[in-house]
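Q: make a model of this:
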Amino acid sequence: MADIINNEPHIVRVTDFRIDADYAAWLSEIKRRYHSAQIKAAVKVNIEKLAFNWSVGRDLVIRKAEDTWGSGVVEQLSFDLQEAFPLDRGFGSRNLWNMKKWYLFFSSQEAMEKLHQAGAELQHANNQSIIKLHQIGGEIESDFPPVLGLVPWRHQVNILTKCKSIDEAIFYLKESVLNGWSRQTLDNSLKANLYKTHGKAISNFTQYLPEVQSRLAQEITKDNYDFGFVTVPADYKEEQLEAALEQNITRFLLELGTGFAFVGRQKELIVGGRTRRIDMLFYHIRLKAYVVVELKVKPFDPEYAGKLNYYVNAVDELLKGEDDNPTIGLLICSDKDETDVRWAFTGIQTPMGVASYDNVQVASPSNLLPSAEELQERIRLVEEELNKSNV
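A: This next block holds a predicted model:
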């Protein structure tokens, strides 16, 4: 029985109740349904607002508003809408102009086809933020591409104003959805021109990975990595570059891209009773696979491919779990030649990619830390000076 407390029907004291496995399962199911409903509601609200912005932009274009009512029509429309809806934001004249530009940018037949393809790919990615995308879009009676409804308006404006092509814009739209990018993350990616380098590593992923996994593996690798956040000596060696990257692991993870988790540096593997060490080992959450990263401070050499192949196979045998996808290898060199890489990959059936790096900061001798011996010598000299002054 449940008794009402203080005549308030929403506050009850349970006096006769027994929790069992069936009740716990039922409660869990209700919670799951409610969480799903929350997500659907949030997606639907966003898509409705964006569909409205699309319709305003379409009206301004199709009605030829400036020719019909004069060059000041957008400013007048902004004034009238703000007067009619004083509590709502988003009716500034600049925002209305953005709605028109947005419609013009994405309404061509080519753009619509690519947006439809992007929507299908996102559905296939099984991302939780993409809940019944086509069903929700179908409820909106317009030509609005539902995939656009998955990204907030301010994200859309940033993409619109900084992207020069439909392909570039769709790239940032998809990344924003798949990785849950904040506006700041999107801005940083736009400034870094991530589109130009993202997914351009030379690889054999398409030959040796399933289609979905190979596409994702290609997307998460770059042609070139910017190591401008590390400082090394002028004649630095591989272990010094590794150490600098590990000391700046947060920045390195940001440079690698969303989804990478650091497992360790010089990861030890025991093979045939001998110790083998991987330069750096990562796990990619979306790919659900280990990523072996080998660093070379010299240009690519064909023999590097054989060593990386060995480490990828070793990780597959010793670390990969039943639910993990095949391990991939990524070799990052100071430079590379595509022909060299392609020929070196011939006959190798493990998924691997090769990229380059640049912008490493070289420290001047005066900025380098002294060695232990130098520190001891300096301490000895200071102590001598102190003893002399005390005499």
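Q: could you point out the helix or strand that follows whatever helix or strand residue 33 lives in?
A: Taking DSSP states H and E as the criterion, residue 33 maps to helix 21-62. Once helix 21-62 ends, the next helix or strand along the chain (criterion: DSSP H and E) is helix 65-69.
Q: and the following helix or strand past that following helix, what does it pack against?
A: Sequence order places helix 73-84 as the next helix or strand after helix 65-69, per DSSP H and E. With contacts defined as 3 or more Cβ pairs under 8 Å, 6 or more residues apart in numbering; DSSP states H and E, helix 73-84 has these neighbours: helix 65-69, helix 93-106. Every C-beta, even on glycine, is put in place using the N, C-alpha and C of the backbone.
Q: flag every buried residue along the first one.
A: By neighbour count, with 16 or more other Cβ atoms under 10 Å as the criterion, the buried positions of helix 65-69 are residue 65.
Q: ok, and what's touching that helix?
A: 59-60, 73-74, 76-77 (Cβ atoms under 8 Å, 6 or more residues apart in numbering).
Q: what is the neighbour count of residue 279?
A: 21 (other Cβ atoms under 10 Å).
Q: helix, strand or coil for it?
A: Secondary structure, DSSP: H, G, I helix; E, B strand; the rest coil: residue 279 is strand.
Q: correct me, but it touches residue 241?
A: No - the criterion here is Cβ atoms under 8 Å, and residue 279 misses it with residue 241 at 9.2 Å.
Q: which residues are in contact with each of those two?
A: In contact with both residue 279 and residue 241: residue 295, using Cβ under 8 Å, 6+ apart.
Q: show me where the stretch 201-350 of the chain has helices.
A: Shown for the stretch 201-350 of the chain, the helices assigned by DSSP state H, counting those that start in this stretch span residues 205-208, 211-219, 238-247, 249-256, 302-318, 338-345.
Q: what packs against the longest one?
A: Other elements packing on helix 302-318 under the criterion 3+ Cβ pairs under 8 Å, 6+ apart are strand 260-271, strand 274-284, strand 289-295, strand 328-333, helix 338-345, strand 352-358.
Q: then the last one?
A: Applying 3+ Cβ pairs under 8 Å, 6+ apart, one finds that helix 338-345 contacts strand 202-203, helix 302-318.
Q: tell me which of these is the most buried.
A: Stretch with highest mean neighbour count among these: strand 202-203 (a mean of 23; mean count of other Cβ atoms under 10 Å).
Q: so how far is that one from its chain's centroid?
A: Distance of strand 202-203 from the chain centroid (Cα atoms, centre = their mean, to the nearest Å) equals 20 Å.
Q: helices and strands around that strand, which ones?
A: helix 338-345, strand 352-358.
Q: which one, of those, ends up nearest to residue 189?
A: Closest approach to residue 189 among those is made by strand 352-358 (17.6 Å; Cβ to Cβ).
Q: and residue 339, how far is that from residue 223?
A: As judged by Cβ to Cβ, to the nearest Å, residue 339 and residue 223 stand 15 Å apart.
Q: more neighbours: which of those two?
A: residue 223 (16 against 9).
Q: ok, for the more buried one, nearest residue in space, not its chain neighbours?
A: Nearest residue to residue 223 in three dimensions, chain neighbours excluded: residue 200, at 3.4 Å (Cβ to Cβ, 6 or more residues apart in numbering).
Q: could you do residue 328 as well?
A: In this structure, residue 328 finds its nearest non-sequential neighbour in residue 351, 4.5 Å apart by Cβ to Cβ, 6+ apart.
Q: contacting residues around the one you found?
A: If a contact means Cβ under 8 Å, 6+ apart, then residue 351 has 203-205, 208-209, 214, 217, 312, 326-329 as its contacts.
Q: list the contacts of stretch 222-242.
A: With Cβ under 8 Å, 6+ apart as the test, stretch 222-242 has contacts from 192, 197-202, 244-245, 247-248, 251-252, 255-257, 265-266, 279-280, 295-297, 332, 355-363, 365, 367-368.
Q: I should have written stretch 46-59 there, sorry.
A: The contact list for stretch 46-59 (Cβ under 8 Å, 6+ apart) reads 65, 90, 96, 99-104, 107, 136-137, 140, 142-144, 146, 148-150, 152-153, 156.
Q: then it to CSV, C-alphas only?
A: The C-alpha coordinates for stretch 46-59 follow below in CSV (Å, rounded to 0.1, in the frame of the first residue of the first chain):
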residue,chain,number,x,y,z
ASN,A,46,16.2,21.4,-33.5
ILE,A,47,15.1,20.1,-36.9
GLU,A,48,11.8,22.1,-36.7
LYS,A,49,13.7,25.3,-35.9
LEU,A,50,16.2,24.7,-38.7
ALA,A,51,13.4,23.8,-41.1
PHE,A,52,11.8,27.1,-40.3
ASN,A,53,15.1,29.0,-41.1
TRP,A,54,15.3,27.0,-44.3
SER,A,55,11.8,28.1,-45.3
VAL,A,56,12.6,31.8,-44.6
GLY,A,57,15.7,31.5,-46.7
ARG,A,58,13.7,29.8,-49.5
ASP,A,59,11.0,32.5,-49.4
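Q: distance from the chain centre to that stretch, please.
A: Using Cα atoms, centre = their mean, the offset of stretch 46-59 from its chain centre is 27 Å.
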